[in-house]
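[1] coords please:
(one chain, ligands or ions: 2)
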Amino acid sequence: MKAEYRTKSRYAIIEYLRENSDKRFTAKDIADALSADGSDINRSTIYRNLERLCLEGKLVRYKESDINATCYQYSEGHEACNRHIHAQCSCCGKIYHLNNELFKSAEKKLISDYGLYIDYGKTVIIGLCEECKKASIT
Ligand SMILES: [Zn+2]
Ligand SMILES: [Zn+2]
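    Ligands and ions are numbered 1, 2, ... in the order given. From the prediction side, this is the model:
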């Protein structure tokens with residue numbers, strides 16, 4: 001019974017994030033949306049599931065500085081999100097899943113010059129996407 005509840009919660013969370021994979025959510029957003037849908041999943045279950053899905057690489061997790069909250073976004077059609085660097089548009093929030101190959105030479109330099117090893121899964125580069133850049137000029 002308990003395991004079934006757990007599976008159902010997990011499924012509901014994944015389904016919700018997958019249907020809205022172009023958006024980012026805080027844990028609170030997800031809790032509110034699910035309870036508006038009539039679900040009775042409690043908040044700590046949601047947090048636990050989100051943590052697990054991040055570890056499994058099914059979700060991207062990043063800190064959103066403008067709202068000072070941790071956000072989650074479903075990652076579809078990508079390799080595990082816990083193993084590559086992400087970039088984000090600081091204006092519209094769009095997430096990019098980057099190819100680690102881009103950073104191979106930078107990584108070598110970081111290690112040799114600074115003794116620093118990149119944590120790919122936790123690194124987010126902030127930039128401005130082409131559309132937002134255009135909009136900011138015109
Ligand atoms: Zn990713
Ligand atoms: Zn943008």
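
[2] so what's the most centrally placed residue in the chain bridging to?
    Against the mean C-alpha coordinate of the chain, by C-alpha atoms, centre = their mean, the closest residue is Val60 at 2.0 Å. When bridges are called by DSSP bridges, Val60 pairs up with Gln73.

[3] do I have it right that it meets Gln73?
    Yes. The pair Val60 / Gln73 is scored as a contact, 4.8 Å apart, by C-beta atoms under 8 Å. Glycine gets a C-beta too; all of them are placed from N, C-alpha and C.

[4] just to revisit the earlier point, now the residue nearest to the centre of the chain: how far from ligand 1?
    Taking C-beta to the ion, to the nearest Å as the measure, Val60 falls 5 Å from ligand 1.

[5] now the common contact residues for Val60 and Gln73.
    Ile95 (C-beta atoms under 8 Å, 6 or more residues apart in numbering).

[6] Ser75 is in contact with His97, correct?
    Yes. With contact defined as C-beta under 8 Å, His97 counts as touching Ser75 (6.7 Å).

[7] what is the end-to-end distance of stretch 114-127?
    End-to-end span of stretch 114-127 (C-alpha to C-alpha, to the nearest Å): 24 Å.

[8] now do it: distance to the chain's middle.
    The chain centre lies 15 Å from the centre of stretch 114-127; the measure is C-alpha atoms, centre = their mean, to the nearest Å.
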